[in-house]
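Participant: sequence plus predicted model, see below.
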Amino acid sequence: MPQKRLITFQDYSCMGRCSLTVAIPTISAAGIECVGVPTTVLSNHTQFKSWKYTDLADQILPSLDEWKDYNHHFDMIYTGYLATNQIPLICKAIMRLKDSPEVKVVVDPAFADSGKLYPGFDYHQTEGMRVLMTYADIICPNLTEACLLTGEAYPDDYDELFIVRLAQKLAAQGPKIIIITGISYREGTVGCQIFDRLSHSSEYYETVSYEGSYHGTGDLFASAFCSGLLHGLSSKNAVKVAHDYVHRSIAETIKDGLDGLTYGVEFEKAIPFFVKELESISRKTKEE
Ligand code: PXL
């Protein structure tokens, strides 16, 4: 099979595993060429108490211009954490790069968690992400992002009906597949709700959960999920592979007694497990 090529637009945070520092190794380990376009370079992510950054917005579209004589084809376009001013540029980049309907656009909104926006963002970020979402085939918000994008209040408690309605509302804004991550219907478990607008079907995948918060796991999930799709997996199987990889990365972090909230998770140790599960599920998919 010819090697697939994915392009991703997100920041490069030097310290604290997230964004490109988890996307590139994950997607590369899956045997996919990952063209990572850094949109901002930060000393560290914004859950540290302060950070230095350089906004690379001015370089995004000129980089694409540089490539115009080469006719590069990308099999997938995946966006993650972006600064508010960069969102309209990324919409333009998607229009230029999506050269056929087979090229899937995956938008991980990556702008909020635990009921609030990430530091430095205000409602303009939500509005920008609502626009970016209309360019997506697939989105993978967490519950906070799903609520902000639909204008729903962040719930204290919820059931599957609430989550599926949220997914339907998101799907009405453009994307065909909605994955809502970090959903728990029973104590001690966590999973993802998958909603498919075209077949109007909804599925849920869960594992046992771990106590605590772990930074960059949404980015890790989205990167592994994109890898799964490019290996020909169904959305449900791509969710399984991605969720299990995050789960294993958290387990490794806990085993070593490390601070996963600041430094992110030890995904490096979970890469062999990820690659094995990805290969085993793609082999089974091909045999079916
Ligand atoms: O993982 C999301 C993320 C990515 N990049 C930066 C962040 C965050 C979350 O806070 O600060 C710079």
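Facilitator: Received the coordinates, thanks.
Participant: next up, the contacts around Tyr78.
Facilitator: Leu6, Ile7, Thr8, Phe9, Ala23, Val105, Val106, Val107, Asp108, Ala222, Ser223, Cys226 (CB atoms under 8 Å, 6 or more residues apart in numbering). (Glycine included, C-beta is placed from N, CA and C.)
Participant: now with 10 Å?
Facilitator: Counting by CB atoms under 10 Å, 6 or more residues apart in numbering, Tyr78 makes contact with 6-10, 23, 27, 34, 36, 104-108, 136, 138, 140, 222-223, 225-227, 229-230.
Participant: how about Val265?
Facilitator: 17-18, 22, 214-217, 220, 245-254, 258.
Participant: before we move on, back to that, which ones among the contacts of Tyr78 map onto strands?
Facilitator: Judged by DSSP state E, the subset of the contacts of Tyr78 located in strands is Leu6, Ile7, Thr8, Phe9, Gln10, Cys34, Gly36, Lys104, Val105, Val106, Val107, Ile138.
Participant: what is the nearest of those residues to the ligand?
Facilitator: Set against the ligand, the nearest of the ones in strands among the contacts of Tyr78 by CB to the nearest ligand atom is Gln10 (7.0 Å).
Participant: pull out the buried positions in stretch 114-124.
Facilitator: Leu117, Phe121 (16 or more other CB atoms under 10 Å).
Participant: which other residues reach that stretch?
Facilitator: So stretch 114-124 is contacted by 45-51, 53, 81, 83-85, 87, 110-112, 125-126, 128-129, 142-145, 147-148, 153-156, 182, 213 (CB under 10 Å, 6+ apart).
Participant: show the buried residues in the residues you listed.
Facilitator: 45-48, 51, 53, 81, 83-84, 87, 110-112, 125-126, 128-129, 142-145, 147-148, 182.
Participant: what's the first helix or strand after the lowest-mean-pLDDT helix or strand in the chain?
Facilitator: Across the helices and strands of the chain, mean pLDDT, DSSP states H and E gives its lowest value to helix 260-263, namely a mean of 92. Counting by DSSP states H and E, the next helix or strand C-terminal to helix 260-263 is helix 267-287.
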